[in-house]
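# Okay, sequence plus prediction incoming.
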Amino acid sequence: MTTTTLPPRRAGGPGARLATAGLLTLAALAGTGAVHNAAAAPRALPAGCTGTSAITCHYAVAPGNYDVTVSIGGASAGQTEMWAEARRLMLPATRTAAGAVATHTFTVNVRQPEGQPTGQGGTGTPGLDLRFTGSAPQVSAVSVKPAAQPLVVYLAGDSTVCDQPTAPYTGWGQMITSSIRSGAVIANYGDSGESSGSFLSNSALLPALLAKVRANDPVYIQFGHNDKQTSASAYRNNLTTMISRIRAKGGVPVLVTPPVRRLFDGNRLTGTALHINGVGVNLPAEMRAVGAAQRVPVVDLTARSKALVESLGPSASAQLFLRSSVDGVTDNTHFSQYGAAQMGALLLQAVREQNLPLAAHLR
């Protein structure tokens, strides 16, 4: 099998010469998590990569989906985690022994803007950006090639879902990426501040998502946080319209009830925390009803996150959200990196238990 390796763009700007030196083909790096011994001498960084305590790599590729294979490790012991594009976690902190190299393969969605579709928080850099962090990050090889017809899993949602470009804010959609096997990819169209109605009408959101959807692509839909004054009929109609348009393109809709806010009355969450909105509409209940009427699977992330947050209690649950002592801001709606990872884990647990689209592609 012939493998085409795409060239990186060097750090010299748009006029810099493209080169492929230092890249290994996917065939040479086949396998996920394979470990082999490294040469005794330290290796130079792959072409397109710079840095030490954080190693950044840039590749001048067009929007699309790409299989990315990396070798981490080297002559000395290392601890490396890998992020792609707008803070999408691809590899959690992974240790390598001195002299060992581990190979990992992922499929990455490249688009512009690379984070939120409306460009909130910045549009990023055209092409593919990788970032290797950790206490002792090491990367010895990177290969990038176009992915051959991966399963694309689309996310439609708000700021609790989206690829947040700037810490400490983190959406669960940018944390589940590390749990997806190569051959499937997350395309996160979540956008801050969106309600079920605004997502329908903004050309950068649902219309842009639908333009990409192919037959059997799952679309996970989570709205509620910003439907604060939406009537029950409008909310149901918005969700039903999304479902109809996704099905018309051959996609597979999945509804996700919104995760809770951290608002307690004693040891129990308030109605506002559970998304009973300002006009008295129980939004999760309405979403479940739409799912039943339309025969669409529903992930009850409201119930799952309620159980988690209430089990931790008013104090310990703060770590899931943003705290002024740690994050410089107090926010009981938006997640810390840790909290987004926990919400993503709850969603993936439901995907496995309900055997939903994506389940076969989880690590």
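Arrived safely. Numbering: from 1, shown residues only.
# quick one: the helices in the stretch 251-363 of the chain?
283-294, 301-316, 324-327, 337-353 (DSSP state H, counting those that start in this stretch).
# Please name every helix or strand in contact with the shortest one.
Right, helix 324-327. Helices and strands touching helix 324-327, as assessed by 3 or more Cβ pairs under 8 Å, 6 or more residues apart in numbering; DSSP states H and E, are absent. Backbone N, C-alpha and C define where each C-beta goes, glycine included.
# residues in contact with the nearest residue to Ala350 once chain neighbours are set aside?
In this structure, Ala350 finds its nearest non-sequential neighbour in Val299, 4.4 Å apart by Cβ to Cβ, 6 or more residues apart in numbering. Contacts here follow Cβ atoms under 8 Å, 6 or more residues apart in numbering; on that basis Val299 touches Tyr220, Val254, Leu255, Val256, Thr257, Leu347, Ala350, Val351, Gln354, Leu356.
# can you check Pro168 too?
Applying Cβ under 8 Å, 6+ apart, the residues contacting Pro168 are Leu322, Val326, Asp327, Gly328, Val329, Ser336, Gln337.
# Ok, Leu210 next?
Residues in contact with Leu210 (Cβ under 8 Å, 6+ apart) are Arg245, Ile246, Lys249, Gly251.
# Buried among the contacts of Val299? Need that as a selection in PyMOL.
This is how PyMOL selects the buried members of these, with burial counted by 16 or more other Cβ atoms under 10 Å:
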select buried, resi 220+254+255+256+257+347+350+351+356
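# Could you export the contacts of Pro168 as TSV, including pLDDT, neighbour count and distance to Arg268?
What follows is the contacts of Pro168, written out as TSV (pLDDT from 0 to 100; neighbours: other Cβ atoms under 10 Å; distance: Cβ to Cβ, whole Å):
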residue	pLDDT	neighbour count	distance to Arg268
Leu322	98	22	22
Val326	96	13	25
Asp327	96	16	25
Gly328	96	9	29
Val329	97	12	25
Ser336	98	21	22
Gln337	98	17	27
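# TSV for these, including distance to Val279?
Output for the contacts of Pro168, formatted as TSV (distance: Cβ to Cβ, whole Å):
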residue	distance to Val279
Leu322	27
Val326	35
Asp327	32
Gly328	34
Val329	29
Ser336	30
Gln337	34
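# Just name the closest of those to Gly278, please.
Nearest to Gly278 among the contacts of Pro168, counting by Cβ to Cβ, is Leu322 at 22.9 Å.
# Mind listing the residues bridging to that closest one?
Beta-bridge pairing for Leu322 (DSSP bridges): Asp331.
# give me every residue that touches it.
Counting by Cβ under 8 Å, 6+ apart, Leu322 makes contact with Pro168, Tyr169, Val329, Thr330, Asp331, Asn332, His334, Phe335, Ser336.
# Taking the contacts of Leu210, please make a ChimeraX selection of just the buried ones.
Selection command for ChimeraX covering only the buried members of the contacts of Leu210, criterion 16+ other Cβ under 10 Å:
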select :245,246,251
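# now the contacts of Leu210 as a markdown table including secondary structure?
Shown next, in a markdown table, are those (DSSP: H, G, I helix; E, B strand; the rest coil):
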| residue | secondary structure |
| --- | --- |
| Arg245 | helix |
| Ile246 | helix |
| Lys249 | coil |
| Gly251 | coil |
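# among the contacts of Leu210, which two are most distant?
Spatially, the most separated pair among the contacts of Leu210 is Arg245 and Gly251, at 8.6 Å (Cβ to Cβ).
# Asp327 contacts Ser336, doesn't it?
Yes. Using Cβ atoms under 8 Å as the test, Asp327 is close enough to Ser336 to be in contact (6.4 Å).
# Double-check Ala232 against Pro284; I have them as touching.
No. Ala232 is not in contact with Pro284 according to Cβ under 8 Å; the separation is 12.0 Å.
# which of those two has more neighbours?
The neighbour count for Ala232 versus Pro284, taken as other Cβ atoms under 10 Å, is higher for Pro284 (23 against 16).
# That one and Ser76, how far apart?
50 Å (Cβ to Cβ, to the nearest Å).
# how about the helices in the stretch 1-150 of the chain?
Using DSSP H, counting those that start in this stretch, helices in the stretch 1-150 of the chain do not occur.
# correct me, but Thr302 touches Leu274?
Yes. At 6.4 Å, Thr302 counts as touching Leu274 under the criterion of Cβ under 8 Å.
# Need the overlap of contacts for these two.
In contact with both Thr302 and Leu274: Val260, Pro284, using Cβ under 8 Å, 6+ apart.
# more neighbours, the two?
Thr302 (25 against 22).
# Spit out the contact partners of the more buried one.
Contacts of Thr302 (Cβ under 8 Å, 6+ apart): Gly224, Thr257, Pro258, Pro259, Val260, Leu274, His275, Pro284.
# again, but for Val281
Asp227, Thr230, Ser231, Ala232, Tyr235.
# Filter these down to the buried ones.
Asp227, Thr230, Ala232, Tyr235.
# Just the ones in strands from the residues you listed, please.
Of these, none are assigned to strands by DSSP state E.
# could those residues be laid out in CSV, adding distance to Lys145 and pLDDT?
Below are these laid out as CSV (distance: Cβ to Cβ, whole Å; pLDDT from 0 to 100):
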residue, distance to Lys145, pLDDT
Asp227, 41, 98
Thr230, 44, 98
Ala232, 48, 98
Tyr235, 43, 98
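# which one among these gets closest to Ala62?
Asp227 (35.8 Å).
# unless I'm mixing things up, that closest one is touching Val279, no?
No. Assessed by Cβ under 8 Å, Asp227 is found out of contact with Val279, at 9.7 Å.
# re earlier: adding distance to Glu310, write the buried ones among the contacts of Val281 out as a markdown table.
As requested, the buried ones among the contacts of Val281 are exported to a markdown table (distance: Cβ to Cβ, whole Å):
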| residue | distance to Glu310 |
| --- | --- |
| Asp227 | 23 |
| Thr230 | 26 |
| Ala232 | 26 |
| Tyr235 | 25 |
